[in-house]
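# next comes the sequence, and after it the predicted model I'd like to discuss.
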Amino acid sequence: MSAPTTPAPADGTNGATTDEAALPMVDVRSVHKSFGSLEVLKGVDLQVRVGEVTVVLGPSGSGKSTLLRTINHLEKVDQGWISVDGSLIGYRRSGDKLYELREREILRQRTRIGFVFQNFNLFPHLTVLENIVEAPVSALRRPRKDVTAAARRLLDRVGLAEKADAYPKQLSGGQQQRVAIARALALEPRLLLFDEPTSALDPELVGEVLDVIKDLAHQGTTMIVVTHEIGFAREVADTVVFMDDGRIVEQGAPGDALDTPRHERTRAFLSKVL
Ligand code: ADP
Ligand code: MG
């Protein structure tokens, strides 16, 4: 596979500016991605500043999950580039060329970016505590004792201290998703990505998961949240992004993007979900 063709910044400098505070935490530039002949991302640009919450809305198939997956290199981009916290994702720059990182380096990058999936993806054969402890011990080689103590604090934070020794199947969907969030936080990520974190939940369990995400937002966690929960977007988002057919067609503060959308496709989508 060829390296992306759009000019990329030298790794660690992120272009011309030297002002650290001005650097976006996430910088997505002209990203294109195809699966075979199907172009799924058609030139996506997105910047997320440190501590900001970006909510991504859009119809099914518009490329939302693919965009999130490119940000932690679960999918390679065909064109363009992405940097997170000043590092190019999946590549390093040497002179004018980009070289793909080795698997081990990609895995290390990925530990800095938490990902919470629609279907929780907990390990069924591990207890709640073991699920949280696994990655920091195996991927980051942190001492099990320290990680376990931190995991118990995280469980307390998501309101599940008493479930440490339970297995995932003994928990409700909402509880499982809160464990999945604690597991993502255990790696102390610089960025959290959520892909429809409440879509698999019974309606009465949605609130408890959104409350945990809101809490993280109020504590200044940088995150990108794909969701259909418009109320959540209105309350928590700094920026709302609307995707349609592989493009960002609308982007702005929630009041503008949700109440006075400029794009016809945004209006059509919102009229269905509101
Ligand atoms: P969304 O999350 O907005 O529903 P996706 O990013 O999952 O959209 O998918 C966008 C399009 O890409 C869809 O048409 C989907 O079928 C297609 N797609 C996603 N992943 C793959 C894949 N691994 N192989 C082939 N097509 C894919
Ligand atoms: Mg999706």
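Thanks, I have it. The model shown is predicted, which means the values in this text are computed figures rather than measured ones. Ligands and ions are numbered 1, 2, ... in the order given.

# farthest from the middle of the protein: give me that residue.
Using CA atoms, centre = their mean, the residue of the chain lying farthest from its centre is Gly95. It sits 30.0 Å away.

# what sits against it?
By CB atoms under 8 Å, 6 or more residues apart in numbering, no residues touch Gly95. Using the backbone N, CA and C atoms, a C-beta is placed for each residue, glycine as well.

# if I look at Gly61, how far off is Ala180?
24 Å (CB to CB, to the nearest Å).

# before we move on, what about Glu134?
12 Å.

# what's the answer for Ala149, then?
20 Å.

# between those two, which is the more surrounded one?
Higher neighbour count among Ala149 and Ala180: Ala180, with 25 against 11, using other CB atoms under 10 Å.

# was I right to think the more buried one contacts Asn119?
No: between Ala180 and Asn119 there is no contact under CB atoms under 8 Å: 9.2 Å.

# which residues touch Glu208?
Taking CB under 8 Å, 6+ apart, we find Glu208 in contact with Gly159, Gly174, Arg178.

# check which helix or strand covers the closest residue to the first one other than its chain neighbours.
Nearest non-adjacent residue to Gly159, counting by CB to CB, 6 or more residues apart in numbering: Arg178, 6.7 Å away. Following DSSP states H and E, one finds Arg178 within helix 173-185.

# so which elements touch that helix?
strand 113-116, helix 128-138, helix 144-157, helix 203-218 (3 or more CB pairs under 8 Å, 6 or more residues apart in numbering; DSSP states H and E).

# the last one: which residues count as buried?
Same thing as helix 203-218. Leu205, Val206, Glu208, Val209, Leu210, Val212, Ile213, Leu216, Ala217 (16 or more other CB atoms under 10 Å).

# ok, stretch 61-79 next?
62-73, 75-79.
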